[in-house]
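> Starting from these lines, generate the structure:
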Amino acid sequence: MELSFDWLKREGQRGGGTPVVVKMENPNNWSISEIETPLEEDFLSPSERKNHRNKNAKQITWVLLLKAHKAAGCLTSIASTLFSIGSIVRRRVASGRTDSSDSLEAEDPVVGSRFYSCIKVFLWVSLVLLCFEMAAYFRGWSFSTPDLQLAYLYTLRDAMVVRDVFGSFYSTWIVIRVEYLAPALQFLIDICIILFLIQSIDRLLLCLGCFWIKIRNSKPVAKESPLDLESGEGGYFPMVLVQIPMCNEKEVYQQSIAAVSNLDWPKGKLLVQVLDDSDDPTTQLLIKDEVHKWHLEGANIVYRHRVSREGYKAGNLKSAMSCSYVKDYEFVSIFDADFQPSPDFLKRTIPFFKDNEDLGLVQTRWSFVNKDENLLTRLQYINLAFHFEVEQQVNGIFLNFFGFNGTAGVWRIKALEGSGGWMERTTVEDMDIAVRAHLHGWKFVFLNHVECQCEIPESYEAYRKQQHRWHSGPMQLFRLCLSDIIQSKISIWRKGNLVFLFFLLRKLILPFYSFTLFCIILPMTMFIPEATLPTWIVCYIPAAMSFINILPAPKSFPFIVPYLLFENTMSVTKFNAMISGLFQLGSAYEWIVTKKSGRSSEGDLVTLLDENPQYKRGNSDPGLEELHEEINKQAQKPAKKKKHNRIYTKELALAFLLLTASARSLLSAQGIHFYFLLFQGISFLLVGLDLIGEQVE
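Numbering: from 1, shown residues only. Here you go, the predicted model:
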């Protein structure tokens, strides 16, 4: 078929289609493969072509102006942010409020100062070495690999060219580094790598167990459905005691008392004990008055107050269990002051005990009303979601054992008392009673589908003190119960699980290698390059573990990098707490009540009362009017103690240590090590300046 050139041109310009041209070297010999798409300007007249170019130039100008405006806005925002951060830091430095000046710090001052002194020694040594290495670098004596450094050293020796003082010192430093420091540091690196891999395998196996549970849809099943209880006749309604231990919980006492008073359970078979350890007379009066109001509304509730706070929470619970009327009750449910169980909580937990005499504990999952409050609460939520979704659920399904979380659970009183009852020997009384009950043969059930609302600490100060207690207590308990575990009658593999997995791997090894490997060893390898830390340990394995940890909270994936850095930052507090508990230092036995914000108290209380009108008084919500009056009265009174953000010296010292090591890494072009040290140092800096979490003006 023959086509003319005029036809092709005419068809290409018709109907708004893309114009085409035909390139021909010989007009009598052309092919369709030579057709190309031309520019739009090729079919315009000269005047039209000029206007078209002017139009394009104007469009490009506007695009550039918009981009410049956006860039200027970003720069302005960054400058404003940096200025604000600078102002905050200047105010905090001027105020002089540090963790060492805090009289309520949950660690012994002597122990804390020793730990801080060790960190400062590492910092000063790193600064001196950085100056030393920089001088060598500018003299051309710094090389990227240890082999080149050794070759250079031996060349200096053989040629006898080391004539100045600095060259002599530098060659001596390399000899000390190669022959003495590097082997010891490499040995420590190898140990930490082995521990790291063992802990990573443990995490991986836990996640595989969780996937198996999801695939098989395995979950505990009660022998009597909660639906059978709604009739109130012939159902399983044993006697239940509910306890709310609290101490100066002015922000949250109303919501917890209201939630527990509205539990859907026969009144004659439910008793609520409000166990108040408050030393503030105003708080005592408010809590006592709240209990009296709910008692008038028909709730079976009593108020107990101890004059002495001996034994902290364990002593409070032990005192409550000594009441003569407790013998009439079969189960006890415990809720901390910030917990708000749903009305059907007992109906969804108590049925698991029926016809299951070996069951000692039913633990439910926590949910959080303020998980999106700030970056600190988001990062905490990742850890807690993994703890409940993976650790507790897998251990509950496959082992019938896990650590009691201290609240939002139901105990069989026979199991509680048969295992020795509450003991005041540690600050983790919940883990203590769980281990003793396990050694006595009691089984545990974890209900991942039953949730109880609570709060997460919103300030770094509160979170830090909470983590100190949570990581020092297990080491106290390990020292106390190791012999009992060995002498118990449980199977060998259960003993191994308790000693190696439950205590050593997850409570001791994890904080040890996290702090030692990433906060001390990695910076030191920058100054002793003959000891090498593989890239896969610095980057790939931590990234994979962070990815695994974040799986139970998929909405938190954007925070995976901050989570990895923050976990390494918290290893300082956890390592310090672990050492305190392991060697029974004074700070291990101090209990600081975690501060609550009470953000959800009034809103949740109104919702709860709307759903449960049987306890309403007239047309008003009980306690809310009085609550507003009390808030107004308290607002008129001068504040007794003003809250401040603080500067945390250990975190700041480690920040400068890591940043110094990153500068040394930059000299030797260490690649991924530089970026890790840089961002980890910035993470320590932000935490040390208390720029994460709640900010107080």
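
> what's next to stretch 406-419, contact-wise?
240-241, 313, 321, 326, 329-336, 339, 341, 346, 349-350, 353, 359-366, 422, 428-430, 433, 436-437, 439-440, 442, 452, 454 (CB atoms under 8 Å, 6 or more residues apart in numbering). Every residue, glycine included, has its C-beta placed from N, CA and C.

> just checking, which of those belong to strands?
Using DSSP state E, the members of the contacts of stretch 406-419 that fall in strands are 240-241, 331-334, 359-366, 452, 454.

> among these, which two are most distant?
Spanning the widest gap among those are 359 and 454, at 24.0 Å by CB to CB.

> Compare those two (neighbour count), which wins?
The neighbour comparison of residue 359 against residue 454 (other CB atoms under 10 Å) goes to residue 454, with 24 against 19.

> What's opposite the more buried one in the beta bridge?
residue 368 (DSSP bridges).

> Now do it against residue 339, distance only.
Going from residue 454 to residue 339 by CB to CB, to the nearest Å gives 5 Å.

> repeat for residue 171
Counting by CB to CB, the gap from residue 171 to residue 339 is 65 Å.

> Equivalent analysis for residue 305, please.
Taking CB to CB, one finds residue 305 at 20 Å from residue 339.

> now do residue 368
11 Å.

> neighbour count winner among residue 171 and residue 339?
residue 339 (22 against 17).

> which residues does that one contact?
Per CB under 8 Å, 6+ apart, neighbours of residue 339: 256, 259, 407, 408, 452, 453, 454.

> now do 7 Å
Counting by CB atoms under 7 Å, 6 or more residues apart in numbering, residue 339 makes contact with 256, 407, 408, 452, 453, 454.

> Quick check: which helices or strands does whichever helix or strand the first one is part of pack against?
This means residue 256. Element membership for residue 256, per DSSP states H and E: helix 253-261. Secondary structure elements in contact with helix 253-261, counted by 3 or more CB pairs under 7 Å, 6 or more residues apart in numbering; DSSP states H and E, are strand 240-246, strand 270-276, helix 281-296, helix 601-611.

> Just put the ones you listed in JSON lines and tack on mean pLDDT and distance to residue 189.
Conversion of the helices and strands packed on helix 253-261 to JSON lines gives the following (pLDDT from 0 to 100; distance: least, CB to CB, whole Å):
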{"stretch": "strand 240-246", "mean pLDDT": "96", "distance to residue 189": "45"}
{"stretch": "strand 270-276", "mean pLDDT": "95", "distance to residue 189": "49"}
{"stretch": "helix 281-296", "mean pLDDT": "93", "distance to residue 189": "52"}
{"stretch": "helix 601-611", "mean pLDDT": "43", "distance to residue 189": "50"}
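
> can you pull the pLDDT of residue 118?
Looking at residue 118, its pLDDT is 82.

> Residue 8 now?
On the pLDDT scale, residue 8 is placed at 44.

> Repeat that for residue 689.
pLDDT recorded at residue 689 is 88.

> and what of residue 166?
Confidence at residue 166, expressed as pLDDT, is 74.

> That one: neighbouring residues, count only.
13.

> cool, residue 138 as well?
Neighbours of residue 138 using other CB under 10 Å come to 10.

> what sits up against stretch 449-463?
The contact list for stretch 449-463, computed with CB under 7 Å, 6+ apart, reads 219, 338-341, 345, 348-349, 364-371, 373-374, 376-377, 380-381, 408, 466, 594-597, 646, 687, 690, 692-694.

> Please identify the buried residues of it?
450-463 (16 or more other CB atoms under 10 Å).

> now for those, which pair is the farthest apart?
Checking the buried residues of stretch 449-463 with CB to CB, the most distant pair is 450 and 461, at 31.6 Å.

> surely residue 287 meets residue 253?
Yes - between residue 287 and residue 253 there is a contact under CB atoms under 7 Å: 5.1 Å.

> Chain neighbours aside, what residue packs nearest to the residue most central in space within the chain?
With distances taken as CA atoms, centre = their mean, residue 380 lies nearest the centre of the chain, 3.0 Å away. Spatially, and ignoring its direct neighbours in sequence, residue 380 is nearest to residue 456 (4.9 Å; CB to CB, 6 or more residues apart in numbering).

> right, and the secondary structure at that neighbour would be what?
For residue 456, the assignment made with DSSP: H, G, I helix; E, B strand; the rest coil gives coil.

> Could you report the separation of the residue lying closest to residue 457 once chain neighbours are set aside from residue 687?
With CB to CB, 6+ apart as the criterion, residue 457 has its nearest non-adjacent residue at 4.2 Å, and that residue is residue 463. Here residue 463 is placed at a distance of 10 Å from residue 687 (CB to CB).

> Residue 353 contacts residue 359, correct?
Yes - using CB under 7 Å, residue 353 is in contact with residue 359, at 5.5 Å.

> on that earlier part again, for the helix holding residue 256, the averaged confidence score.
93.

> buried stuff in the host helix or strand of residue 171?
For residue 171, the enclosing helix or strand under DSSP H and E is helix 165-176. Within helix 165-176, the residues scored as buried using 16+ other CB under 10 Å are 170, 171, 173, 174.

> The residues you listed into a markdown table, with extra columns for pLDDT?
Converted to a markdown table, the buried residues of helix 165-176 look like this (pLDDT from 0 to 100):
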| residue | pLDDT |
| --- | --- |
| 170 | 78 |
| 171 | 78 |
| 173 | 83 |
| 174 | 83 |
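
> can you list the weak-confidence ranges in the chain?
Within the chain, the ranges that satisfy pLDDT under 70 run 1-59, 77-78, 81-96, 99-113, 141-164, 224-234, 586-591, 597-643, 697.

> helix/strand/coil for the residue lying closest to residue 662 once chain neighbours are set aside?
Closest residue in space to residue 662, ignoring its immediate chain neighbours: residue 677 at 3.7 Å, by CB to CB, 6+ apart. Three-state call for residue 677 (three-state DSSP): helix.

> What's the separation between residue 677 and residue 198?
Going from residue 677 to residue 198 by CB to CB gives 25 Å.

> Tell me which of those two has more neighbours.
Using other CB under 10 Å as the criterion, residue 677 and residue 198 rank with residue 677 on top: 26 against 13.

> tell me the contacts of the more buried one?
522, 523, 658, 661, 662, 665.

> need these in CSV with distance to residue 488, can you?
As requested, those are exported to CSV (distance: CB to CB, whole Å):
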residue, distance to residue 488
522, 40
523, 43
658, 44
661, 46
662, 49
665, 50
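
> Please, which helix or strand holds the closest residue to residue 364 other than its chain neighbours?
Excluding the flanking residues, the one nearest residue 364 by CB to CB, 6+ apart is residue 450, at 4.2 Å. Assigned by DSSP H and E, residue 450 falls within strand 443-454.

> Just want the angle from that strand to strand 359-368.
Going by axes from the mean of the first three to the mean of the last three CA atoms, to 10 degrees, strand 443-454 is angled at 30 degrees with respect to strand 359-368.
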